[in-house]
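Trainee: Curious how this folds, go ahead:
(one chain, ligands or ions: 1)
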Amino acid sequence: MQLVTLNDGKVIPQLGFGVFKVDPAETERIVSDALELGYRHIDTAAIYRNEEGVGRALAASAIPRDELFITTKLWNDRHGDADRAIEESLEKLGLDRVDLYLVHWPAPRQDRFIEAWHSLEGIRERGLATSIGVSNFAKHYLERLLPEATVTPAVNQIELHPYYQQRETTELAVAHGIKIEAWGPLGQGKYPLLELPEIMAPAAAHGKSPAQVVLRWHLQLGHIVFPKTVSRDRMVENFDVFDFELTDDEVAAITALERGGRVSEHPDDFD
Ligand code: NDP
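Mentor: Modelled structure (predicted):
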């Protein structure tokens, strides 16, 4: 597994497993499958309502804690209450710390994300989260947060896939040593990404699947990714992306697909 070093010196597996929309009743089985197949980085959130299932899968596995990387997130209605929210998440996960805790959305109508960030700084200080970061912080939110922050976020987890690459946000993050975590790396299956010629041609050339080509594009650009699937076969497929390399031209052709094609909520409109 390729590891990425964060700006606080901690390392994160570049490829993980996301559990958004994984049914809480199915989560233990699905995460257990992912762990058995080699995934060591799990991305969940309080709002996914499946932290308990993740926790049960972790407890049932014999994997040492220091080989696992677990992320969860502070939901929008807890920006003034992060200290209790992290305790609740840790209880559900059966952990005494997470590896990464994120402010899930800036939630601008409440406008309490800076207060939430200061709480996360305290949570990190107390060792309840090893690293802290933000999610869905478009450029203008980062610009407000960074001058106020004592700790620079380790990551910004944003919607990012070939039709929607958020270049301004990514450039600002990179300039501050903030790693990009790309959520919806496969476009959430909401447009025919895997049928585009720019994806299918390299797939044929390298003997890999279209999804593997898209994930490889992310990895070569330095993004941290955690594709979600409930299918064991796709878990295997999505994990098998380290034995080939896209050429510079192939990467450039996929990057040229940008068209402002967001598939989910914009942070300005989402509280
Ligand atoms: P993804 O881009 O990972 O797409 C998931 C969809 O793609 C599912 O429908 C899945 O179907 C399908 N899929 C997975 N693998 C393959 C494959 N090899 N070939 C074809 N189809 C495939 O979207 P997500 O939104 O799930 O993003 C990944 C993770 O990012 C989430 O699980 C979550 O952890 C995080 N996230 C964070 C957000 C935030 O606000 N911070 C918002 C959204 C996501 P199936 O399951 O049927 O295989």
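Trainee: Ala129 and Glu168, how far apart?
Mentor: Remark: distance between Ala129 and Glu168 (CB to CB, to the nearest Å) = 28 Å. The way it works is simple: take the backbone N, C-alpha and C, and place the C-beta from them, glycine included.
Trainee: Neighbour count: these two, which is higher?
Mentor: More crowded of Ala129 and Glu168, by other CB atoms under 10 Å: Ala129, with 27 against 12.
Trainee: residue contacts, Asn136?
Mentor: Applying CB atoms under 8 Å, 6 or more residues apart in numbering to Asn136 gives the contacts His104, Trp105, Pro106, Gln157, Ile158, Glu159, Pro267, Phe270.
Trainee: Leaving out sequence neighbours, find the closest residue to the last one.
Mentor: Setting aside the residues directly before and after it, Phe270 is nearest to Trp105 in space (CB to CB, 6 or more residues apart in numbering), at 5.7 Å.
Trainee: quick one: the one you found is in a helix?
Mentor: No - using DSSP: H, G, I helix; E, B strand; the rest coil, the assignment for Trp105 is coil, not a helix.
Trainee: How many neighbouring residues does Glu52 have?
Mentor: If we define neighbours as other CB under 10 Å, then Glu52 has 16 of them.
Trainee: Go ahead and confirm it touches Val19.
Mentor: No - Glu52 sits out of contact with Val19 when judged by CB atoms under 8 Å, with a separation of 11.6 Å.
Trainee: so what sits against both of these two?
Mentor: Residues touching both Glu52 and Val19 (CB under 8 Å, 6+ apart): Thr27.
Trainee: in the sheet, who's paired with the residue nearest to the spatial centre of the chain?
Mentor: With distances taken as CA atoms, centre = their mean, Glu181 lies nearest the centre of the chain, 4.6 Å away. Legend: beta-bridge partners of Glu181 under DSSP bridges are Gln157, Ile224.
Trainee: Can you report phi and psi for the nearest residue to Ala256 once chain neighbours are set aside?
Mentor: Counting by CB to CB, 6+ apart, Glu198 is the residue found nearest to Ala256 once chain neighbours are left out, at 7.5 Å. Main-chain torsions, Glu198, degrees, to the nearest 10: phi -70, psi -20.
Trainee: Now that Glu198 has come up, it's in contact with Ala252, right?
Mentor: No - using CB under 8 Å as the test, Glu198 is too far from Ala252 to be in contact (9.6 Å).
Trainee: neighbour count winner among these two?
Mentor: Glu198 (17 against 11).
Trainee: Pull up the per-residue confidence for the closest residue to Gly207 other than its chain neighbours.
Mentor: With sequence-adjacent residues excluded and distances taken as CB to CB, 6+ apart, Gly207 is closest to Phe244, at 7.8 Å. pLDDT for Phe244: 98.
Trainee: Wait, a strand at Phe244?
Mentor: No - per three-state DSSP, Phe244 lies outside any strand segment and is coil.
Trainee: List the residues that contact Trp217.
Mentor: Trp217 touches Pro162, Leu246, Glu250, Val251, Ile254, Thr255, counting by CB under 8 Å, 6+ apart.
Trainee: count of residues packed around the third one?
Mentor: Per other CB under 10 Å, the neighbour tally for Glu250 reads 21.
Trainee: Quick check: the gap between it and the ligand.
Mentor: 18 Å (CB to the nearest ligand atom, to the nearest Å).
Trainee: How about the secondary structure of that residue?
Mentor: helix.
Trainee: Make 35 the starting number, not 1.
Mentor: Sure, I'll start counting at 35 from here, so that last one is Glu284.
Trainee: Surely it and Pro236 touch.
Mentor: Yes - between Glu284 and Pro236 a contact is recorded at 4.4 Å, counting by CB under 8 Å.
Trainee: Find residues that contact each of the two.
Mentor: Common neighbours of Glu284 and Pro236, counting by CB under 8 Å, 6+ apart, are Val247.
Trainee: before we move on, the earlier item: restrict the contacts of Asn170 to those near the ligand?
Mentor: His138, Gln191 (CB under 6 Å from any ligand atom).
Trainee: re the thing from before, I'd assumed His257 was in contact with the residue nearest to the centre of the chain.
Mentor: Yes - using CB under 8 Å, Glu215 makes contact with His257 at a distance of 7.0 Å.
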